[in-house]
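Trainee: Show me how the following folds:
(one chain, ligands or ions: 1)
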Amino acid sequence: MALSLSDLIKHYDRPGPRYTGYPMPPVWTEGFPQEEVAEALARADADPEPLSLYAHLPFCKRRCSYCGCNVVVSPHYSPVDGFLKSLETEVEMWASHLPNRRKAIQLHWGGGTPTYLNVADLRRTFKLITDRFPLLPGAEVSIEVDPTFLEPDQLPALREMGFNRVSFGVQDLDERVQELITRGQTWDQTLTTVRQARDLGFPGVNLDLVYGLPGQTLATFRRTLESTLELNPDRMAIYGFAYLPKVMPYQRSIPAETLPSPELRLDLLLLAVDILEKHGYVAIGMDHFARPGDEMARAVKEGRLIRNFMGYAVAAGSDLLGFGPSAISNVAGVYSQNEKILTKWERDIAEGRFSVHKGHRLDGEDLMRRWLIHELMGTFELRWADLAKRYGIDGPAHFAGAIEELKEEVPFGTVEVRDEGIFITPLGRRFVRNIVQPFDAYLKKLAASTPFSRTV
Ligand code: SF4
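Mentor: This next block holds a predicted model:
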């Protein structure tokens, strides 16, 4: 069956989870007991594997209209000291529950704008975390950087501390798009920052673009992609804009008529894939691209790619500790998310308890389905023999219903259902969020009421 792009979009363009974890937070329980987190940590303390750490540094100087992050917009620097005191208390609280397990193989700072912090406070943050959770040699130490708010001394300090991967938010280089997203980032800012990172010898320089933004056209996005590639990034992420004005009211300032149609959205993504692949980048999972020699590209080849709440990773611990408001932890089969509102998070910490906004204890079925979904999202294939070896499950029998659902996708050219397993085609990689949905045991109950972003 020869299908047009618009047929594919009509079929696949609907809201759906991003599956950075499984099940996703809408399934989790509000008021999840603190004791569950403490018990999970007691179990995790005996695990010899290293940890992953995430710190959410929520401050921004302004609010970009497209932003989907949990941010605290503060033109004044004064809240930072109190925040860092709370952060130190929180990190100490987690550390005191893990007396035998402190080594970390992955540390990531996101936000917000981590470089909102001045150099002294960047150093203070690094120390308060790594004094309690020392980094192993070879750890991936990464940070998100906004080139519009960066002082000349910040990148050198980060490099000296040991950050080895830096992700620069670019989104789009077109002036009108930058205006519509109220970001105002210039080419010069991007160029200067990337050059500085290269001069400082950061081993990994990532650039993040977003498709589906207001005002984007194929011509403007082509220019953005071509100019960005002149900077020779080691990795690129191409994220779809999550337009959710009901959940994020500030997105209402974006004129709806400036948003690309679903057809153009997919064309923008396909253009990015085409240009990146022509420039020799290897597609990683659903939204990342890497140079063939990059560690992430090698990890895909060797089946070592990991998906967790920070996205795709090469080096990740078996458990993830999240610090700061809204941060997510994943410890010994228990998910928990901190309170999102800064003052609520600070109050919990001041009162000496884990800040738990919501959480979920994964049962055996959840763990098996999470592995399966991440296998499909990371390697684009699932072999029943691997499932049987890992979980002792007869995949075709256990997932007979899901297989029947997937067979309906075969004529769309996105997936192959074979006796040995499920294989997502190169075209299907763009729709992988849809293709894994039959394996989500919760989605049908949730879909109507849950504001997920669109999958295309
Ligand atoms: S700088 Fe980044 S985190 Fe802050 S509002 Fe803009 S997009 Fe959101």
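
Trainee: Using the three-state scheme, assign residue 210.
Mentor: Under DSSP: H, G, I helix; E, B strand; the rest coil, residue 210 falls in the strand class.

Trainee: Next, count neighbours for it.
Mentor: Summarising burial for residue 210: neighbours were counted as other Cβ atoms under 10 Å, giving 23. Bear in mind the C-beta positions are built from the backbone N, C-alpha and C, glycine included.

Trainee: OK, contacts around it?
Mentor: Contacts here follow Cβ atoms under 8 Å, 6 or more residues apart in numbering; on that basis residue 210 touches 66, 171, 172, 238, 239, 240, 241.

Trainee: Tell me which stretches of the stretch 101-250 of the chain form strands.
Mentor: If DSSP state E, counting those that start in this stretch is used as the criterion, the strands of the stretch 101-250 of the chain fall at 104-111, 135-145, 165-171, 204-211, 235-240.

Trainee: Let me have those strands in JSON lines, extended by distance to the ligand and mean pLDDT.
Mentor: Putting the strands of the stretch 101-250 of the chain into JSON lines (distance: least, Cβ to the nearest ligand atom, whole Å; pLDDT from 0 to 100) gives the following:
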{"stretch": "strand 104-111", "distance to the ligand": "5", "mean pLDDT": "95"}
{"stretch": "strand 135-145", "distance to the ligand": "8", "mean pLDDT": "95"}
{"stretch": "strand 165-171", "distance to the ligand": "6", "mean pLDDT": "95"}
{"stretch": "strand 204-211", "distance to the ligand": "10", "mean pLDDT": "96"}
{"stretch": "strand 235-240", "distance to the ligand": "11", "mean pLDDT": "93"}
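
Trainee: got the ones you listed as CSV, with distance to residue 253 columns?
Mentor: Conversion of those to CSV gives the following (distance: least, Cβ to Cβ, whole Å):
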stretch, distance to residue 253
strand 104-111, 21
strand 135-145, 23
strand 165-171, 16
strand 204-211, 17
strand 235-240, 20
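
Trainee: tell me the contacts of the closest residue to the ligand within the stretch 251-400 of the chain?
Mentor: Closest residue of the stretch 251-400 of the chain to the ligand, Cβ to the nearest ligand atom: residue 251 (11.3 Å). For residue 251, the residues meeting the contact criterion (Cβ under 8 Å, 6+ apart) are 65, 66, 243, 244, 245.

Trainee: number of nearby residues for the first one?
Mentor: Read it as residue 65. Neighbouring residues of residue 65 were enumerated by other Cβ under 10 Å; the total is 17.

Trainee: Relative to residue 249, how far out is it?
Mentor: Separation of residue 65 from residue 249 (Cβ to Cβ, to the nearest Å): 11 Å.

Trainee: With the second one instead?
Mentor: Taking Cβ to Cβ as the measure, residue 66 and residue 249 are separated by 13 Å.

Trainee: which of these two has more neighbours?
Mentor: Neighbours around residue 66 and residue 249, counted as other Cβ under 10 Å, are more numerous at residue 66. The numbers are 24 against 9.

Trainee: Assign the more buried one to helix, strand or coil.
Mentor: Three-state call for residue 66 (three-state DSSP): coil.

Trainee: Please look at it and residue 239 and confirm they touch.
Mentor: No - at 10.5 Å, residue 66 does not count as touching residue 239 under the criterion of Cβ atoms under 8 Å.

Trainee: Next one: residue 351 from residue 359, what distance?
Mentor: Relative to residue 359, residue 351 is positioned 18 Å away (Cβ to Cβ).

Trainee: which one of these two has more residues nearby?
Mentor: Regarding residue 351 and residue 359, a neighbour count based on other Cβ under 10 Å identifies residue 359 as having more, with 23 against 8.

Trainee: what's the helix or strand for that one?
Mentor: Remark: residue 359 resides in strand 358-361, with elements defined by DSSP states H and E.

Trainee: Residue 296 now?
Mentor: helix 295-301.

Trainee: buried residues in that helix?
Mentor: Neighbour-count burial for helix 295-301, counted by 16 or more other Cβ atoms under 10 Å, picks out 295, 296, 297, 299, 300.

Trainee: What of stretch 93-102?
Mentor: With burial defined by 16+ other Cβ under 10 Å, the residues of stretch 93-102 counted as buried are 93, 94, 95, 97, 98, 101, 102.

Trainee: Which ones among these also lie next to the ligand?
Mentor: For the ligand, no contacts are drawn from the buried residues of stretch 93-102 by Cβ under 6 Å from any ligand atom.

Trainee: Next, the contact list for residue 170, please.
Mentor: Listed by Cβ under 8 Å, 6+ apart, the contact partners of residue 170 are 147, 185, 190, 207, 208, 209, 224, 228.

Trainee: do that again at 7 Å, thanks
Mentor: The neighbours of residue 170, taking Cβ atoms under 7 Å, 6 or more residues apart in numbering as the test, are 190, 207, 208, 209, 228.

Trainee: and what of residue 230?
Mentor: Contacts of residue 230 were listed using Cβ under 7 Å, 6+ apart, and none were found.

Trainee: Give me the neighbour count for the spatially closest residue to residue 304 that is not a sequence neighbour.
Mentor: Computed as Cβ to Cβ, 6 or more residues apart in numbering, the closest residue to residue 304 that is not its neighbour in sequence is residue 314, at 6.8 Å. Taking other Cβ under 10 Å as the criterion, the count of residues near residue 314 is 21.

Trainee: near the ligand, which residues of the stretch 1-150 of the chain?
Mentor: 60, 63, 64, 67, 69, 71, 111, 112, 113, 146.

Trainee: Export these as a markdown table, with columns for neighbour count.
Mentor: Converted to a markdown table, those look like this (neighbours: other Cβ atoms under 10 Å):
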| residue | neighbour count |
| --- | --- |
| 60 | 20 |
| 63 | 12 |
| 64 | 22 |
| 67 | 19 |
| 69 | 15 |
| 71 | 22 |
| 111 | 23 |
| 112 | 25 |
| 113 | 22 |
| 146 | 22 |
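
Trainee: Where does residue 330 sit: helix, strand or coil?
Mentor: Look at residue 330: counting by three-state DSSP, its state is strand.

Trainee: Burial check on it, number of neighbours?
Mentor: Other residues within reach of residue 330, judged by other Cβ under 10 Å, total 24.

Trainee: same thing with residue 35?
Mentor: Neighbour count for residue 35, taken as other Cβ under 10 Å: 9.

Trainee: and what of residue 371?
Mentor: By other Cβ under 10 Å, 16 other residues sit near residue 371.

Trainee: quick one, what contacts it?
Mentor: If you count contacts by Cβ under 7 Å, 6+ apart, residue 371 has them with residue 390.

Trainee: For it, identify the helix or strand it belongs to.
Mentor: Judged by DSSP H and E, residue 371 forms part of helix 364-379.

Trainee: hey, C-alpha coordinates of stretch 411-423 in PDB?
Mentor: Coordinates of each C-alpha in stretch 411-423 appear next as PDB, following Å, rounded to 0.1, in the frame of the first residue of the first chain:
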ATOM      1  CA  PRO A 411       0.600  -1.800   6.000                       C
ATOM      2  CA  PHE A 412       1.800   1.700   7.000                       C
ATOM      3  CA  GLY A 413       5.400   0.500   6.500                       C
ATOM      4  CA  THR A 414       6.500   1.400  10.000                       C
ATOM      5  CA  VAL A 415       6.900  -2.000  11.700                       C
ATOM      6  CA  GLU A 416       7.500  -5.600  10.800                       C
ATOM      7  CA  VAL A 417       6.000  -8.300  12.900                       C
ATOM      8  CA  ARG A 418       8.100 -11.500  12.500                       C
ATOM      9  CA  ASP A 419       8.100 -14.800  14.400                       C
ATOM     10  CA  GLU A 420      11.400 -13.800  16.100                       C
ATOM     11  CA  GLY A 421      10.200 -10.400  17.200                       C
ATOM     12  CA  ILE A 422       9.200  -6.800  16.400                       C
ATOM     13  CA  PHE A 423      11.300  -4.700  14.100                       C
END
